[in-house]
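In: 3D model of this:
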Amino acid sequence: MSKTLNRRKFLKTSAAVAVGMAVPYVIPSGVLAEPGREGANDRINVGFIGLGGRGFGHLNNEKQLAAGVCDVDKAHLARAVKVAGEKAFVCTDYRRMLERKDIDAVLIATPDHWHALQTVHACQAGKDVYCEKPSSVTIAEGRAMIAATRRYSRVVQIGSQGRSLPDSYATCEFIRNGMLGKVNKITCWHPENPVDNNTPDSPIPPDLDYDMWLGPAAWRPYNKARVHFGFRFVLDLGGGYIRDRGAHVFALANWFMQCDNIGPVSIEATGEAPPHGVYDCPPKMNITYEFKNPDWTLVWSQPGDKPPEYKGNHFGFKVWGDKDTIIFEGGDGGCNTDPKVKRYRVPPGGETVFHSPGHVKDWTSCIKTRKDPMMNIEAAHKAAILCIVGNISYILGRRLNWDAEKDMAIGDEAANRLLYREGRAPWKL
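Out: Numbering: from 1, shown residues only. Modelled structure (predicted):
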């Protein structure tokens, strides 16, 4: 398998996956029961990769699945071992986890810049994958994840868990059954990205393998404001709240509007660069996405206009129809929909949607049935595209016309160069 990837060829075809540092994994068999065949047991053995705030939360909630834990921060790892138990496999290099035949699947909650490479490697190793959102930080990475998922017949769930909440599918049914009339706009609000006050670089903590933490990301000195939670506010690592919470909101908007396989035709972003410090995401930001067939507009605003009836979660969106409007608060682990949606009942013959048993439970169920999960990789990629190209439009300072079939800007080579990023050696897709 080639260790380099031609950007132009990849963006045109995405027919195969090419990965640097690929390991000749052997797909395990006989551990997990497959359709039509009894396995050694029905327990799904999961390796947890990345055990910071979100990953540790997953481990606490799903500790009955834990067969292994992995993190480059030994402090995180020590905390995780207490939850996973003495029998769990422990490592600091995720590739060791993927080599194990007694692990069926992995749950990835590493920083965004690791998502694509670890997912592709896991698929090559014959592991099913739950990966936190956003699915990728570049368009090329997302297409590689799709290709690997399909080539190796894996079940990949992306962690936009808002789709697995009762208020979400109630809202989806409310909209799909015409209670708002024709929906023509969704407007989002969210707090501004934070500004860093020139946090100085400092020595690397002894418990952290900083080189491994960076992985495919460009090298830079260690700075405590940048690692762990803070990576979210560095454009080439986390991309700001639009890639963090936006990945949740856009996953819902696409689902409500039946646009999981449809992309925008144009994207236009505005924002002002922060004055100083480690974080380079714009504090204030406004992005307008135009869609066709169906025709509607999606607006992401930081801070945006909070409706006067806003009470709970600090972010959300308003859905505008030609008959009525509704407000949806939140969109990640917690949400709250409009009272009129809660009162609504789908009439006989009306459209219903799948009511997920829970995002992780949906994933584990699909591992057994081999069906696509609630937030499959193709749908997640379309949501991630909105985050990615919104930032590209901001960086370039201009409107982008978009070809949603090719996942490319139309007539804008500078924009298309930003759709692919060669990883830091040896971590390359």
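In: which residues of the stretch 51-200 of the chain fall in strands?
Out: Using DSSP state E, counting those that start in this stretch, the strands of the stretch 51-200 of the chain run over 66-70, 89-91, 105-108, 128-131, 156-158, 183-189.
In: The residue nearest to residue 189 when sequence neighbours are not counted: neighbouring residues, count only.
Out: Distances taken as C-beta to C-beta, 6 or more residues apart in numbering place residue 304 nearest to residue 189, at 2.9 Å, with adjacent residues excluded. Where C-beta positions appear, they are placed from N, C-alpha and C, glycine not excepted. Number of residues near residue 304 (other C-beta atoms under 10 Å) recorded here: 21.
In: Distance-wise, check residue 304 relative to residue 48.
Out: To residue 48, residue 304 is 35 Å away according to C-beta to C-beta, to the nearest Å.
In: now swap in residue 381 and tell me
Out: The separation that residue 381 has from residue 48, given C-beta to C-beta, amounts to 24 Å.
In: Show me which of the two is the more surrounded one.
Out: More neighbours surround residue 48 than the other of residue 381 and residue 48, with 28 against 23 (other C-beta under 10 Å).
In: secondary structure element for that one?
Out: strand 46-49 (DSSP states H and E).
In: May I have the strands that pair with that strand, each with its orientation?
Out: strand 66-70 (parallel), strand 105-108 (parallel) (DSSP bridges).
In: Per the annotation, how does the chain divide into domains?
Out: 7-161+363-376, 163-354+387-410 (automatic domain parsing).
In: lowest-confidence stretch among those?
Out: For the domains of the chain, mean pLDDT drops lowest on domain 7-161+363-376, to a mean of 85.
In: Give me whichever of the domains of the chain is most buried.
Out: Across these, the average number of neighbours (mean count of other C-beta atoms under 10 Å) peaks for domain 7-161+363-376, which reaches a mean of 20.
In: Figure out how far it is from the centre of its chain.
Out: How far domain 7-161+363-376 lies from its chain's middle: 13 Å, per C-alpha atoms, centre = their mean, to the nearest Å.
In: Also stretch 217-235?
Out: Its chain's C-alpha centre and that of stretch 217-235 lie 18 Å apart, by C-alpha atoms, centre = their mean.
In: 139 is where my numbering starts, stick with that
Out: Okay, using 139 as the starting number, the last item reads as stretch 355-373.
In: May I have that stretch as CSV, with CA atoms only?
Out: Output of stretch 355-373 as CSV, limited to C-alpha atoms (Å, rounded to 0.1, in the frame of the first residue of the first chain):
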residue,chain,number,x,y,z
ALA,A,355,-0.3,17.8,13.8
ALA,A,356,2.4,20.3,13.0
TRP,A,357,5.1,20.5,15.7
ARG,A,358,5.0,23.4,18.1
PRO,A,359,6.4,24.0,21.6
TYR,A,360,4.4,22.6,24.5
ASN,A,361,1.9,25.1,26.0
LYS,A,362,-0.5,24.1,28.7
ALA,A,363,-3.2,26.3,27.2
ARG,A,364,-3.1,24.3,24.0
VAL,A,365,-3.3,20.7,25.1
HIS,A,366,-6.2,18.7,26.5
PHE,A,367,-9.3,20.8,26.4
GLY,A,368,-7.6,23.9,25.0
PHE,A,369,-6.8,22.3,21.7
ARG,A,370,-10.3,23.2,20.6
PHE,A,371,-9.4,26.8,20.1
VAL,A,372,-6.4,26.4,17.8
LEU,A,373,-7.6,26.4,14.2
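In: Identify all contacting residues around it.
Out: 190-191, 211, 249-251, 331-332, 334, 337-342, 346, 348, 351-352, 374-379, 381-382, 415-419, 529, 533, 561-562 (C-beta atoms under 8 Å, 6 or more residues apart in numbering).
In: among the residues you listed, which are in helices?
Out: Judged by DSSP state H, the contacts of stretch 355-373 include 191, 348, 351-352, 379, 381-382, 529, 533 as members of helices.
In: so what's the residue of the chain positioned farthest from its centre up against?
Out: Centroid-distance maximum for the chain: residue 486 at 35.4 Å, with C-alpha atoms, centre = their mean. If a contact means C-beta under 8 Å, 6+ apart, then residue 486 has no contacts.
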